[in-house]
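*Asks:* The following block contains a protein sequence and its predicted model.
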Amino acid sequence: ETTLTQSPAFMSATPGDKVSISCKASQDIDDDVNWYQQKPGEAAIFIIQEANNLVPGIPPRFSGSGYGTDFTLTINNIESEDAAYYFCLQHDNFPLTFGGGTKVEIK
Amino acid sequence: QVQLQESGPGLVKPSQTLSLTCTVSGGSISSGNYYWSWIRQPPGKGLEWIGYMSYSGGTYYNPSLKSRVTISLDTSKNQFSLKLSFVTAADTAVYYCARVGYTYGPDYWGQGTLVTVSS
């Protein structure tokens, strides 16, 4: 089973900031990492596919990078609507596993 | 736009069976290339993959839950279901259903439903 270590668990940002969230895998998982955004009481939204591919309809201020064991979600020029919980997921092997999540607060 | 919605009892007694249903709209569960899946998140903890079933009948269950889990599809109602037997307080969680692409992972999720195990 692949363990995903996500950091930080919480971050606070000001509108216009650039923020980065890390997701580290316990073994090589190629680019089989997705990123999701979730707001309280709402369904999770698929934002980054295969480590660095922006899902259609997602604003281009979101981007992903990485391969193998180290992955990053970056939000450029963060907006107030980006306040949410973000998590990574690996689908390279079963069982699918998740990062611990990051709560992003906008000041 | 595909939408998924979980439904079922919010309270289950210990040792009983938890039963949830996911209703899919905007797409058919009979279409290929997808797994229909359940995931859960206990309060204050991380997400845990429970398992999936494909239209072709293939299933995968998390080894940690395999002995207690059954996932099934009802194509006539465009729904799929989760049954988790012999529940304990450790099974208290928000339960999510999701559609999973064969090659790219989950793309659509339900909003989740809280199930509490308590007498």
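*Replies:* Received, thanks.
*Asks:* drop to CA atoms for contacts and neighbour counts, all remaining ones
*Replies:* Noted.
*Asks:* how about the strands of chain A, start to end?
*Replies:* Assigned by DSSP state E, the strands in chain A fall at A:4-7, A:10-13, A:19-25, A:33-38, A:45-49, A:53-54, A:62-67, A:70-75, A:84-90, A:97-98, A:102-106.
*Asks:* With distance to chain B and mean neighbour count added, can I get those strands in JSON lines?
*Replies:* JSON lines is the format used below for the strands of chain A (distance: least, Cα to the nearest Cα, whole Å; neighbours: other Cα atoms under 10 Å in any protein chain shown):
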{"stretch": "strand A:4-7", "distance to chain B": "11", "mean neighbour count": "21"}
{"stretch": "strand A:10-13", "distance to chain B": "14", "mean neighbour count": "14"}
{"stretch": "strand A:19-25", "distance to chain B": "14", "mean neighbour count": "21"}
{"stretch": "strand A:33-38", "distance to chain B": "7", "mean neighbour count": "25"}
{"stretch": "strand A:45-49", "distance to chain B": "6", "mean neighbour count": "22"}
{"stretch": "strand A:53-54", "distance to chain B": "11", "mean neighbour count": "18"}
{"stretch": "strand A:62-67", "distance to chain B": "15", "mean neighbour count": "20"}
{"stretch": "strand A:70-75", "distance to chain B": "16", "mean neighbour count": "21"}
{"stretch": "strand A:84-90", "distance to chain B": "8", "mean neighbour count": "24"}
{"stretch": "strand A:97-98", "distance to chain B": "6", "mean neighbour count": "24"}
{"stretch": "strand A:102-106", "distance to chain B": "11", "mean neighbour count": "18"}
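*Asks:* wait, what's in contact with the residue lying closest to B:Thr23 once chain neighbours are set aside?
*Replies:* Nearest residue to B:Thr23, sequence neighbours excluded (Cα to Cα, 6 or more residues apart in numbering or on different chains): B:Gln79, at 4.5 Å. Applying Cα atoms under 8 Å, 6 or more residues apart in numbering or on different chains to B:Gln79 gives the contacts B:21-24, B:29, B:73.
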